[in-house]
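Novice: Next come a sequence and a model predicted from it.
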Amino acid sequence: MKDSSHEKLFLEFYDKYADAIFRHCYFRVFDRDKAKDLTQEAFMKLWKYIIKDQTIKYPQALIFKIANNLIIDYHRKKKEASLEKMQEDGFQPSINTEEQLLANIDAAQLIETINSLKDHHREVLLLRYVQGFKPKEISEILGQTQNVVSVRITRAKIKLRRLVELSEKKYETSK
């Protein structure tokens, strides 16, 4: 394949999948700049794959697989920062109205609840309900059978529902 056909193929994939990859990365790391970096790195790896003239049967599955592996690597390397360290670096919590504060607390609790799920459950929920993929597409991305993916989605929803209900009960008893 010539360089121009490589570029054409790459640009086609980039135009088609870049936004979805960014959103996927963002909902996995919750950091806009890091999500941009991961997206860029995923497409750099895709470029290297393309210039090797390797056949790409399922481009969407390939790019999501690359992004997932980068996200896993990022989480392995990530070190938790303390609030003190964040404040030393200039982080200052903003003052919100009561309504905004309650909405932020609800969203933060939901994110925390989702993050408390096992990786394979969290991953299928994000791919299914945030990214909007069908189980067949998720199975291609994850390299699992469609049946395994469907079962994981069902189990993840059940676990998430139980965790939310448990959280609500704790809140009610603490009033």
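Specialist: Ah, there it is.
Novice: and Thr39, how many neighbours?
Specialist: 24 (other C-beta atoms under 10 Å). Backbone N, C-alpha and C define where each C-beta goes, glycine included.
Novice: do the same with Arg122
Specialist: 18.
Novice: pretty sure it contacts Ala156?
Specialist: Yes. Using C-beta atoms under 8 Å, Arg122 is in contact with Ala156, at 7.3 Å.
Novice: Can you pull the domain assignment for this structure?
Specialist: Per automatic domain parsing, the structural domains of the chain span 1-79, 97-175.
Novice: mind putting those in a markdown table, mean pLDDT included?
Specialist: Below are these laid out as a markdown table (pLDDT from 0 to 100):
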| stretch | mean pLDDT |
| --- | --- |
| domain 1-79 | 89 |
| domain 97-175 | 81 |
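Novice: Which helix runs longest in the chain?
Specialist: In the chain, with assignment by DSSP state H, the single longest helix is helix 146-174.
Novice: Tell me the helices and strands packed up against it.
Specialist: Applying 3 or more C-beta pairs under 8 Å, 6 or more residues apart in numbering; DSSP states H and E, we find helix 146-174 packed against helix 98-115, helix 119-125, helix 135-142.
Novice: Mind listing what's buried along it?
Specialist: Residues of helix 146-174 classed as buried: Val148, Val149, Ser150, Arg152, Ile153, Ala156, Lys159, Leu160, Leu163 (neighbour count, 16 or more other C-beta atoms under 10 Å).
Novice: ok, now how distant is the nearest residue to Arg23 once chain neighbours are set aside from Asn68?
Specialist: Leaving out its chain neighbours, the residue that sits closest to Arg23 by C-beta to C-beta, 6 or more residues apart in numbering is Gln131, at 6.6 Å. Separation of Gln131 from Asn68 (C-beta to C-beta, to the nearest Å): 12 Å.
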